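# Using only what follows, build the 3D model:
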Amino acid sequence: MRVHLIAIGGSAMHNLALALYYNHHTVTGSDDEIYNPARDRLAAAGLLPEADGWFPDKITTDIDLIILGMHARKDNPELIKAQELGIPVYSYPAYLYEHSKNKTRVVIAGSHGKTTTTSMILHVLKQLNPENYDQDMRFDYLVGAQIEGFDRMVQLSDAPIIVIEGDEYLSSPIDRRPKFLHYKPHLAVITGIAWDHINVFPTFEEYARQFNLLIETMEPAAQLFYYAHDPELQKRVNAYPAVSSASYEAFKARLDAGVTYLFAELPANASNPPATSEIPLRVFGQHNLENLRAAYLICKELGVKDTDFFELIQSFDGAAKRLQTLDELKDSIAFLDFAHAPSKVKATIKAVKAQYADRQLIGAVELHTFSSLNKAFLSEYKGAMDAADEAIVFYSEHTLKMKKLPMITPDDIQAAFDHPNLKVIQETEELSEYLRSKDWLHQNLLLMSSGTFGGMELQGIIGGKS
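A predicted model of the protein is given here:
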């Protein structure tokens, strides 16, 4: 096919473009701004548009289909031209469903943990020895972060399984449904519900209702796993007694000398009872023990043997920007995490503080999303940084202006977060100087954002080596 991607530079979109290209389709695209790593990756494959911008003259009847990214607008001139010519237009989740109609579709959804849970599943499936399995365990995937051992965030093939990170954000400018409503899963996980995307879902109820709709789209005889200790999620799952569902909770574990050991009940042989083994992990935190349980349940449903799962998960290091180590000294570590929503900030801070209980923790969060920069949403952060010994909130007036949001003040942030040792910083240079000037002896730094802290240089942030 010949496929044209409008807004090809997006995180998922450029990965989809590469997947289509490596599947021997003819791929073109356009965007008004493309940044790295997308720019270099598209250029290496010969897919980088010759110029930034929109060029409706390039939309011709020999294009088989258009894939429309969320970055474009509904009055995009290329989109209008495609509609005039009657060329089929898909959002990328709609296209992904078309590709996967005949596959077993696994969807990992929830307000937090879905990238990590999806990554755990993919890590295990990739490492399996096919000689140990009678069934075909090959898989396609879409995940929202770069994973070690995977060249791209999207893989398309003739594999019988597809594992999809199910995002609740909108599909495209002309398809206002959450992405995960396209996928019609056979197996699904919902990790929890915590209000987000206030610019799209202005009330918690409207946001949470999208997960009801997800349950309603599941295939007949589908299996749903959901986190047991989320009362809002429990209530919504219970509203669908005809859906096969099971709750889960975190694996039990112990912490010893900075290493988390998971307690795993391994299958018994004919003569011995089940044996509990301790599995050393490279990831840590209660939230990751919850994510691991969800990943285990999905892998088990797909036919992965318990012994394989627990052996292979030991080498899982996490997805990019998920508690990624930036810098390390003898008695200090700097982490970078994608956490930005209140529930993610709270879980990540608690995890790092618990893992290094003998060290002070400085947590710095960037308010970067529409929700986090909305004054009406700020109160959701109350208590989110309580486990940090020192809290820093960074935001810029430039970002507020770019998103066309009303101004918020440092006093607004102080009142909302209600942390006794909170510093509000609005300039990137000030934040960098403050962090680099500190004595990091017996202190850890946790940077949390879906952005870049205004382009702040992160290497050597606490004076160590990356």
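# Show me what counts as buried in stretch 211-225.
211, 214-215, 217-218, 222-225 (16 or more other CB atoms under 10 Å). Any C-beta I mention is one placed from the backbone N, CA and C, and that applies to glycine too.
# Mark which of those are part of helices, please.
Counting by DSSP state H, the part of these found in helices is 211, 214-215, 217.
# between the residues you listed, which is nearest Q83?
T217 (26.1 Å; CB to CB).
# Look up how far G166 lies from that closest one.
10 Å (CB to CB, to the nearest Å).
# And E457, by the same measure?
34 Å.
# who has more neighbours, those two?
Ranked by neighbour count (other CB atoms under 10 Å), E457 and G166 place G166 first, with 27 against 11.
# ok, the more buried one touching F180?
Yes - the criterion here is CB atoms under 8 Å, and G166 meets it with F180 at 3.4 Å.
# the domain parsing of the protein - what is it?
Split into domains by automatic domain parsing, the chain comes to 2-87, 97-315, 324-448.
# For I462, find the nearest of those domains.
Among those, domain 324-448 sits nearest to I462 (CB to CB), with 4.4 Å.
# what about stretch 200-212, average pLDDT?
When pLDDT is averaged along stretch 200-212, the result is 96.
# Going forward, the N-terminal residue is numbered 159.
Got it, first residue is 159 now, which makes that one stretch 358-370.
# Report the buried residues of it.
358-359, 365-366, 368-369.
# Closest to the centroid, which residue in the protein?
Taking CA atoms, centre = their mean, the centroid of the chain lies closest to T273, which sits 3.5 Å from it.
# what helix or strand does that residue sit in?
helix 272-285 (DSSP states H and E).
# Which strands border the helix or strand that that helix is followed by, and is each parallel or antiparallel?
Per DSSP H and E, the first helix or strand lying C-terminal to helix 272-285 is strand 297-300. If you go by DSSP bridges, strand 297-300 pairs up with strand 312-313 (antiparallel), strand 319-323 (parallel).
# and strand 297-300, what's its mean pLDDT?
98.
# just how off-centre is that strand within its chain?
Averaging C-alpha positions (CA atoms, centre = their mean, to the nearest Å) puts strand 297-300 15 Å from its chain's average.
# which residues are contacting it?
170, 173-174, 254, 257-258, 261, 276, 280, 283, 311-315, 317-323 (CB atoms under 8 Å, 6 or more residues apart in numbering).
# just the buried members of those?
By 16+ other CB under 10 Å, these give 170, 173-174, 254, 257-258, 261, 276, 280, 283, 311-314, 317, 319-323 as buried.
# Now do the helices in the protein.
Going by DSSP H, the chain shows helices at 169-180, 196-202, 235-243, 250-257, 272-285, 362-375, 389-396, 444-460, 464-470, 500-513, 555-560, 568-575, 586-594.
# out of those, which comes closest to A549?
The nearest among the helices of the chain, by CB to CB, is helix 568-575 at 6.6 Å.
# hang on, the earlier thing: could I get the buried residue list for the helix holding T273?
Within helix 272-285, the residues scored as buried using 16+ other CB under 10 Å are 272-283.
# ok so, going back, mind putting the strands paired with strand 297-300 in a markdown table, mean pLDDT and distance to A573 included?
Formatted as a markdown table, those follow (pLDDT from 0 to 100; distance: least, CB to CB, whole Å):
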| stretch | mean pLDDT | distance to A573 |
| --- | --- | --- |
| strand 312-313 | 96 | 42 |
| strand 319-323 | 98 | 35 |
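# of all the ones you listed, which lies closest to A549?
Of the strands paired with strand 297-300, nearest to A549 by CB to CB is strand 319-323, at 29.2 Å.
# what sits up against that closest one?
With CB under 8 Å, 6+ apart as the criterion, strand 319-323 contacts 254, 257-258, 261-266, 272-273, 276, 279-280, 283, 295-302, 338, 341, 343, 456, 460.
# now with 6 Å?
The contact list for strand 319-323 (CB atoms under 6 Å, 6 or more residues apart in numbering) reads 258, 261-266, 272-273, 276, 279-280, 297-302, 341.
# And stretch 410-430, by the same measure?
409, 432-439, 442, 447, 464, 468.
# burial of the closest residue to K284 other than its chain neighbours, as a residue count?
Spatial nearest neighbour of K284, excluding adjacent residues (CB to CB, 6 or more residues apart in numbering): G307 at 6.1 Å. Using other CB under 10 Å, the number of residues around G307 comes to 11.
# so how far is I507 from G307?
Counting by CB to CB, the gap from G307 to I507 is 28 Å.
# ok, now A175?
36 Å.
# got the contact list for G350?
G350 neighbours (CB under 6 Å, 6+ apart): 268-270, 385, 388, 391.
# so P246 sits right up against D222, yeah?
No - using CB atoms under 6 Å, P246 makes no contact with D222, being 7.6 Å away.
# Just give the strands next to the helix or strand of the chain with the lowest mean pLDDT in its sheet, each with its orientation.
In the chain, no helix or strand scores lower on mean pLDDT, DSSP states H and E than strand 433-438, which sits at a mean of 85. Next to strand 433-438 in the sheet, as set by DSSP bridges, lie strand 417-424 (antiparallel).
# in the strand it pairs with, what's buried?
Buried, per 16+ other CB under 10 Å, within strand 417-424: 418, 420, 422.
# just stretch 612-623 next, same as before
For stretch 612-623, by 16+ other CB under 10 Å, it's 612, 614, 616, 619-620, 622.
# try stretch 460-478
Neighbour-count burial for stretch 460-478 [16+ other CB under 10 Å]: 460, 462, 466-468, 470-471, 474-478.
# what does that stretch rub up against?
Applying CB under 6 Å, 6+ apart, the contact partners of stretch 460-478 are 273-274, 277-278, 281-282, 285, 293, 303-306, 422, 424-425, 437-438, 440-441, 454, 457.
# hey, what's in contact with both of G324 and F338?
265, 267.
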